[in-house]
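Chemist: Have a look at this fold, sequence not included:
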């Protein structure tokens with residue numbers, strides 16, 4: 001009975017630790033507002049730790065314009081992971097290309113020189129005003145060991161096309177928006193007091209069981 005009780009206590013403790021780890025998954029949210037193109041396309045960016053990698057959410061949120069984002073760029077602290085489309089969990093088919101160490105020039109469909117070289121560039125949809133229009137999208141980079149901490153304090157950028165007021169139609173301008181991610185993640189959910197009490201109690205129960213067995 002004591003062995004079974006200790007086994008149950010250990011299983012519950014592991015379950016609590018696992019649930020706490022999930023609750024403490026980091027998020028990082030910020031906005032790209034440094035306009036370096038002919039029009040603005042301020043963009044909200046949210047990064048989240050998920051199983052196997054990091055989820056990215058981009059949303060154009062500009063008071064004056066909407067935009068079709070053609071490409072997104074960002075740097076990574078440390079060694080840049082070797083990425084390809086196989087590493088991307090793609091929402092609604094938004095991601096159509098992955099490039100490393102590039103400023104956007106060349107026959108890659110990124111839309112041209114963004115103004116500086118980035119570790120990673122992600123092509124979104126296809127160039128041109130016809131067809132797709134991605135003003136909001138989600139994708140996940142799946143890479144061993146990659147998490148939100150790899151993007152703290154790093155520079156991000158987006159290139160927009162068909163930039164125009166929300167209620168207009170037809171063509172539009174292009175945009176380049178830059179920003180720097182915060183140096184610390186958003187608030188992390190702390191371990192609830194009840195969980196601490198549970199873990200402490202289970203630890204005492206297991207210790208008592210060991211003493212009884214001696």
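Modeler: Perfect, thanks for sending it. This is a predicted model, so every value here is computed, not measured.
Chemist: Tell me the strands beside the helix or strand in which residue 96 is found, with direction?
Modeler: In the assignment (DSSP states H and E), residue 96 maps to strand 95-102. As defined by DSSP bridges, the strand partners of strand 95-102 come to strand 118-124 (antiparallel).
Chemist: What's the first helix or strand after the strand it pairs with?
Modeler: strand 136-142.
Chemist: what packs against that following strand?
Modeler: strand 53-60, strand 88-90 (3 or more C-beta pairs under 8 Å, 6 or more residues apart in numbering; DSSP states H and E). The way it works is simple: take the backbone N, C-alpha and C, and place the C-beta from them, glycine included.
Chemist: Which among those strands is found nearest to residue 124?
Modeler: strand 53-60 (8.2 Å; C-beta to C-beta).
Chemist: Tell me the helices and strands packed up against that closest one.
Modeler: Using 3+ C-beta pairs under 8 Å, 6+ apart: strand 53-60 touches strand 43-50, strand 66-74, strand 136-142.
Chemist: rewinding a little: mind listing what's buried along the strand holding residue 96?
Modeler: For strand 95-102, a neighbour-count test (16 or more other C-beta atoms under 10 Å) marks 95, 96, 97, 98, 99, 102 as buried.
Chemist: on that earlier part again, any idea which of the helices and strands packed on strand 136-142 is most buried?
Modeler: Mean neighbour count (mean count of other C-beta atoms under 10 Å) peaks for strand 53-60 among the helices and strands packed on strand 136-142, with a mean of 20.
Chemist: That strand to strand 136-142, inter-axis angle?
Modeler: Angle, strand 53-60 to strand 136-142, by axes from the mean of the first three to the mean of the last three C-alpha atoms, to 10 degrees: 160 degrees.
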